[in-house]
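In: need the 3D shape of this:
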Amino acid sequence: MQSRKTTDTIAAIATAMSSSGIGIVRISGSDAIAIADQIFRSKKKGKKLENVPSHTIHYGVIQDGEEVLDEVLAVVMRGPHSYTAEDTVEIDCHGGVLIMKKILETVIKYGARPAEPGEFTKRAFLNGRMDLSQAEAVMDLINSSNEYAMKSSVRQLKGSVSGKIRKLRENILYQIAFIESALDDPEHISLDGYEESLLKILQPMISETEQMVRSADNGRIVSEGVKTVILGKPNAGKSSLMNVLVGEERAIVTDIAGTTRDTLEEQIRLQGITLNVVDTAGIRETDDVVEKIGVNKAKMTADDADLIIYVVDGSCPLDENDAIIMELIRDRKAVVLLNKTDLDMVVSQEELEEKTGHPVIAISAKEETGIEELEKVIQGMFYEGKLDFNNEVIITNVRHKTALTDTLKSLKMVEQSIHDGMPEDFLTIDLMDAYEQLGSILGEAVEDDLVNEIFSRFCMGK
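Out: The predicted structure follows:
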């Protein structure tokens, strides 16, 4: 993949298509500097960009013929020391949408073509500037919705995933080469006792791969957020809690039990964690057809949740409806909120902790007390409350998880073949499959259609 270099020159607006202080038009390719020289006029008379050193900035104007379009700064970066590993010029202009479009049109008029979505990063991949997992981390970084996702993406961009994958591939390739060499030259290379040695080598590889596959669940939470469902009886204060967490009146709050008939979804951030919060209908036995549908939907939503927040009205005794909810959260990741502490309480924290087996926090959604403690508890339940991955590789990409799962199957098949006493050449089949699956994460031996699909998800100027 990475040997197929491109030579045509592309251009795109690299900043958001909205009014701002600065806009950037990016040009990359073999003719990037020559094209820029046709439209850039330095304030220092006679200066040409083709003669300036790499990684320098130059003040001047962009002209289309005799028409001056804008005063700009031209940034020159010569390949391979640029984002795309190609000659690159970035024109920093004033950030009006019209002027950015006008400059881009001028760049295209003088020889560049419009870049496709993600084509700059695609070129970085094709030119060996980064592997495919790092390229995908660029997109994840752009789309980061919380601090954890951002930090994870930066680590992957620096090679945290590809480093692990490359080391695994090297170990596997060595075993393949050893077996093949021994089969080709049995007089000089012996396979006696090799199976036992290979088993010892396989064990840490299998464990490491299993760990990365397991981390994908945390990785999904890092990148997509925590699926959080608020459960409770009618009028327990679920909607009030939702409004406090969101910071605005999104849910209807009344003294009438059963006001919420359907689910209400919001995305919020707590202590750097993204919560995809769903406020559900109050759970209780009811003959109301519409409310019953809402109750059933609440139960189904809870089944798919990463976290359940169970809100209890502490001013009312527990009843059979609470028992239903407690059964729903048994053996689930949950936190219990003892709400309405601003009223006379008839339910204690100790009683709830004993009945639910989950941490209980006393709050008042009405007076917005106890919310900070809730945030700390949730943060502690995910990522141990620290913005530090302790050098642990977390898989956040579904494609990577699929490839690692297939790798794990192949490694375990090698292990099983050894136990079954299969010939050594059978072992190389599954070892090679594991090697190729890991290679697909890095972008080696990946079909063009998959590469195009991955980069088509990027924004135009990246």
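In: low-scoring pLDDT stretches of the stretch 1-150 of the chain, where are they?
Out: Along the stretch 1-150 of the chain, the parts satisfying pLDDT under 70 run over 1-6, 143-149.
In: in it, which spans are strands?
Out: Taking DSSP state E, counting those that start in this stretch to define them, one finds strands in the stretch 1-150 of the chain at 10-13, 20-28, 40-42, 56-64, 67-77, 88-95, 113-114.
In: of all those strands, which lies closest to T121?
Out: For T121, the closest of the strands of the stretch 1-150 of the chain is strand 20-28, at 10.7 Å, according to Cβ to Cβ. All C-beta atoms are positioned from the backbone trio N, CA, C, and that covers glycine.
In: what residues sit buried inside the closest one?
Out: 23-28 (16 or more other Cβ atoms under 10 Å).
In: got the strands of the stretch 1-150 of the chain as CSV, with distance to G232 columns?
Out: CSV is the format used below for the strands of the stretch 1-150 of the chain (distance: least, Cβ to Cβ, whole Å):
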stretch, distance to G232
strand 10-13, 49
strand 20-28, 44
strand 40-42, 64
strand 56-64, 59
strand 67-77, 56
strand 88-95, 48
strand 113-114, 53
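In: winner for burial among those?
Out: Greatest average neighbour count among the strands of the stretch 1-150 of the chain goes to strand 10-13 (a mean of 24), per mean count of other Cβ atoms under 10 Å.
In: any idea how far I363 is from the residue lying farthest from the centre of the chain?
Out: Ranked by distance from the centre of the chain (Cα atoms, centre = their mean), the top residue is E187, with 51.4 Å. To I363, E187 is 77 Å away according to Cβ to Cβ, to the nearest Å.
In: same deal with V347?
Out: From V347 over to I363 (counting by Cβ to Cβ), the distance is 13 Å.
In: where along the stretch 301-450 of the chain do the strands fall?
Out: 307-313, 334-339, 360-362.
In: name the strands paired with the shortest one and say parallel or antiparallel.
Out: The reference is to strand 360-362. Strand 360-362 pairs in its sheet with strand 334-339 (parallel), by DSSP bridges.
In: and the partner strand, what's buried?
Out: Along strand 334-339, these residues count as buried under the neighbour rule (16+ other Cβ under 10 Å): 334-339.
In: next one: stretch 201-214
Out: Buried residues in stretch 201-214, defined by neighbour count with 16+ other Cβ under 10 Å: 202, 205-206, 208-209, 212-213.
In: what's the answer for stretch 150-170, then?
Out: If you call a residue buried by 16+ other Cβ under 10 Å, then stretch 150-170 has these buried ones: 150-153, 155-157, 159-162, 164-166, 168-169.
In: okay, now L104: neighbour count?
Out: Neighbourhood size, L104 [other Cβ atoms under 10 Å]: 23.
In: what distance do you get for it to I10?
Out: 11 Å.
In: hey, what's in contact with both of those two?
Out: P114 (Cβ atoms under 8 Å, 6 or more residues apart in numbering).
In: between the two ends of stretch 109-127, how far is it?
Out: Length of stretch 109-127, first residue to last, Cα to Cα, to the nearest Å: 26 Å.
In: cool, and stretch 9-19?
Out: End-to-end distance of stretch 9-19: 27 Å, with Cα to Cα as the criterion.
In: between the buried residues of stretch 150-170, which is nearest A323?
Out: Closest approach between the buried residues of stretch 150-170 and A323, by Cβ to Cβ: S152, at 39.7 Å.
In: joint contacts of V347 and I363?
Out: Contacts common to V347 and I363, judged by Cβ under 8 Å, 6+ apart, are L338.
In: now render the buried residues of stretch 201-214 as a markdown table, adding pLDDT.
Out: A markdown table is the format used below for those (pLDDT from 0 to 100):
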| residue | pLDDT |
| --- | --- |
| L202 | 94 |
| M205 | 94 |
| I206 | 94 |
| E208 | 92 |
| T209 | 93 |
| M212 | 88 |
| V213 | 88 |
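In: among the residues you listed, name the ones in helices.
Out: Among those, the members found in helices (DSSP state H) are 202, 205-206, 208-209, 212-213.
In: okay, and the beta partners of S28?
Out: I10, T88.
In: tell me the one of the buried residues of strand 20-28 nearest G95?
Out: Checking these one by one against G95 (Cβ to Cβ), the nearest turns out to be G23, at 4.1 Å.
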